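[1] what would the 3D arrangement of this be:
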Amino acid sequence: MILESLRALAERERLVDQPAFQSVPVRWIVDLDEQGQFRTLTDTAYTVQEEGKRKPRLEFKRMSVPRRTVRPGQVTKPEFLVDNAQYVLGIQPEGADAKKIPMETYRRSFLDLLLKAKAGVNSPVLNAAIAFLENDEQRGKAAADLQTRRFASNEWITFRLRGDFLHESSAVRNWWATQSEDTDGEVEERQCLICGQFKVPARLHDSLKLPGAVTSGVPLISFNERAFEKHGLSGNENAPVCRACMVAYVNALRRCLDDKFPHPDGSGTFPYATIQARQTGAHLH
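    Modelled structure (predicted):
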């Protein structure tokens with residue numbers, strides 16, 4: 001079974017050692033002092049010249065951040081610690097379509113999630129980020145700086161205090177690792193289609209950026225019409241996969257599709273030749 005092989009690949013190459021986190025390219029770094037005063041805005045972008053390509057490709061520094069979630073439709077659902085300008089600063093790129101939900105609602109939801117974490121952990125960089133987000137003047141300075149640059153709505157923003165990143169704070173990461181979207185006690189355990197164990201199925205599956213699909217990515221498992229449901233089940237209950245197996249197969253697919261996928265030990269990226277072999281299924285057995 002392909003999904004079982006993908007899970008095995010993820011386990012063999014230690015892609016799921018930290019299931020609550022994933023490696024993503026982060027473009028913007030908001031540098032702060034201990035009081036949350038804005039210092040500078042750093043752009044991590046750099047260009048890569050590919051063989052056979054006329055124009056260089058723009059890439060951003062990869063960082064290990066809390067796992068990205070699925071944000072369906074017009075809803076307010078902040079990411080933890082690292083998010084886009086809409087959630088972090090309450091602004092959009094010039095010319096972007098107006099949102100039905102006020103920018104302040106997005107911004108406040110991101111801050112509220114940090115405040116929730118603060119109630120459980122003590123972290124200087126977390127405290128500085130919250131102080132910054134609660135200060136209209138300081139937040140406005142960062143927003144004005146970002147507005148003078150060319151930024152996109154899907155670019156991630158993180159915080160740094162005297163060289164320490166917010167998403168690298170051990171206390172904050174440990175707190176986040178204990179959180180789970182699948183904590184609803186009313187959800188019935190079902191037999192996972194991949195590992196075969198009876199567990200609470202993942203309510204939503206992480207999106208994958210696939211060739212020819214929408215740029216924001218699509219989940220491999222999704223039921224968007226009642227006609228696809230049966231036996232009184234709803235949504236992804238029709239194809240139950242536990243969260244651990246979902247994270248594993250998604251990480252394995254991302255590793256196979258990304259020629260710059262970082263090695264979990266920080267030693268670099270997986271060799272492209274190996275990825276090509278994985279795409280053909282040569283090593284998925």
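[2] helix, strand or coil: sort out residue 158 for me.
    strand (DSSP: H, G, I helix; E, B strand; the rest coil).
[3] and the residue lying closest to it once chain neighbours are set aside, what is it in contact with?
    Leaving aside its chain neighbours, residue 158 sits nearest to residue 82 (4.6 Å; criterion: CB to CB, 6 or more residues apart in numbering). C-beta: built from backbone N, CA, C; applies to glycine. For residue 82, the contacting residues are 24, 26, 63, 65, 66, 156, 157, 158, 166, 167, by CB atoms under 8 Å, 6 or more residues apart in numbering.
[4] can you map out the helices along the stretch 1-150 of the chain?
    For the stretch 1-150 of the chain, helices defined by DSSP state H, counting those that start in this stretch occupy the ranges 2-12, 85-88, 103-118, 124-133, 136-147.
[5] ok, which of these comes nearest residue 36?
    Checking the helices of the stretch 1-150 of the chain against residue 36 by CB to CB gives helix 124-133 as the closest, at 2.7 Å.
[6] tell me which other helices or strands the closest one touches.
    The contact analysis (3 or more CB pairs under 8 Å, 6 or more residues apart in numbering; DSSP states H and E) places helix 124-133 against strand 28-32, helix 103-118, helix 136-147, strand 157-161, strand 164-165, helix 170-177.
[7] quick check: buried residues in it?
    Buried residues in helix 124-133, defined by neighbour count with 16 or more other CB atoms under 10 Å: 125, 126, 127, 128, 129, 130, 131, 132, 133.
[8] give me the distance between the first one and residue 138.
    As for residue 125, its distance to residue 138 is 15 Å (criterion: CB to CB, to the nearest Å).
[9] ok, and the most crowded of the contacts of residue 82?
    Highest neighbour count within the contacts of residue 82, by other CB atoms under 10 Å: residue 166, with 26 neighbours.
[10] wouldn't that one be in contact with residue 173 here?
    No - Residue 166 lies out of contact with residue 173 (CB atoms under 8 Å); the separation is 10.0 Å.
[11] out of the helices of the stretch 1-150 of the chain, which comes closest to residue 225?
    Where the helices of the stretch 1-150 of the chain are weighed against each other on CB to CB, the nearest is helix 2-12, at 22.4 Å.
[12] low-confidence ranges, the stretch 51-200 of the chain, go.
    By pLDDT under 70, the weakly predicted segments of the stretch 51-200 of the chain are 72-73, 180-186.
[13] just checking, residue 80 touches residue 113?
    Yes - assessed by CB under 8 Å, residue 80 is found in contact with residue 113 at 5.7 Å.
[14] burial check on residue 31, number of neighbours?
    Using other CB under 10 Å, residue 31 has 17 neighbouring residues.
[15] likewise for residue 140?
    14.
[16] nearest spatial neighbour of residue 29, skipping sequence neighbours?
    Nearest to residue 29 is residue 42, by CB to CB, 6+ apart, at 4.1 Å.
[17] that neighbour contacts residue 32, correct?
    No - with contact defined as CB under 8 Å, residue 42 does not reach residue 32; the gap is 11.6 Å.
[18] neighbour count winner among those two?
    Neighbours were counted for residue 42 and for residue 32 using other CB under 10 Å; residue 32 has more, 24 against 14.
[19] pretty sure residue 87 contacts residue 79?
    Yes - in this structure residue 87 lies within contact range of residue 79 using CB under 8 Å: 7.0 Å.
[20] tell me which of these two has more neighbours.
    Shown here are residue 87 and residue 79; by other CB under 10 Å, residue 87 has more neighbours (23 against 19).
[21] grab the nearest non-local neighbour of the more buried one.
    Counting by CB to CB, 6+ apart, residue 87 lies nearest to residue 110, which is 4.0 Å off, once chain neighbours are set aside.
[22] also residue 28?
    residue 157 (4.4 Å).
[23] touching, the one you found and residue 79? I think so.
    No - using CB under 8 Å, residue 157 makes no contact with residue 79, being 10.2 Å away.
[24] residue furthest from the geometric center of this protein?
    Note on the chain: the largest C-alpha distance from the chain mean falls to residue 231, namely 33.2 Å (CA atoms, centre = their mean).
[25] thank you kindly, that will do.
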